[in-house]
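Student: predicted model follows, preceded by the sequence.
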Amino acid sequence: MKKVLLLGDSIRLNYGPKVFRNLDGIAEVVGPADNCRFVRYTIANIREWLGIYGTPDVIHWNNGIWDVHHFLDGDEKVLTTLDEYLSDLERLYNRLRLTGAKIIFATSTPCKEGYPLMNNEDIIRYNKAAVELLKDKVDEINDLYSLINSDVEKYICNDNLHLSKDGIAAAGNQVTEIIKKYL
């Protein structure tokens, strides 16, 4: 049975169980119980996670939401500058490709307007740059941003960031269908 490794932030933790259920009996789906947070956190832990889960056939990966956080009240600066983000994505991609797995990169999902720690302008800018960097490297880009942005009120829960029940279903199903192409 093929092995799928899911990597990503809390949004991945939202849709992950749906992907596990959808692929039950089709592929072994694994991934850290830990929130992969920002790209550097994923870089710092990828060796350990690959050691735990072994070599995957498919990796579905996202990082970005944490990188565009404005953690300090009133601070205009995001956690990770765009140049740092792109450099970190490149470093992580280079490590992931050594596994020989098919790699799917997912864009970061939007937040509802008024979410205090980030804004969609930054998310869009970082997504666009990530897609430009990775489009000719990864096997596929999964545009979760556009999916969730198609009905933010329906797909994002009351915390203004994480997926609602409908968002989990929509994202989980889209992630599953893209992964299936590489099994």
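Tutor: That came through fine.
Student: CA atoms for contacts and neighbours, from now on please.
Tutor: OK.
Student: can I assume Leu89 is in contact with Thr42?
Tutor: No. Contact criterion Cα atoms under 8 Å: Leu89 and Thr42 do not qualify, at 9.8 Å.
Student: residues contacting the spatially most central residue of the chain?
Tutor: For the chain, the residue sitting closest to the mean C-alpha position, by Cα atoms, centre = their mean, is Asn62 at 2.0 Å. Contacts for Asn62 (Cα atoms under 8 Å, 6 or more residues apart in numbering) come out as 7-9, 12, 105-108.
Student: let's have these in JSON lines, adding distance to Glu132 and neighbour count.
Tutor: Shown next, in JSON lines, are those (distance: Cα to Cα, whole Å; neighbours: other Cα atoms under 10 Å):
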{"residue": "Leu7", "distance to Glu132": "20", "neighbour count": "27"}
{"residue": "Gly8", "distance to Glu132": "19", "neighbour count": "26"}
{"residue": "Asp9", "distance to Glu132": "21", "neighbour count": "22"}
{"residue": "Arg12", "distance to Glu132": "22", "neighbour count": "27"}
{"residue": "Phe105", "distance to Glu132": "12", "neighbour count": "25"}
{"residue": "Ala106", "distance to Glu132": "13", "neighbour count": "24"}
{"residue": "Thr107", "distance to Glu132": "11", "neighbour count": "24"}
{"residue": "Ser108", "distance to Glu132": "14", "neighbour count": "28"}
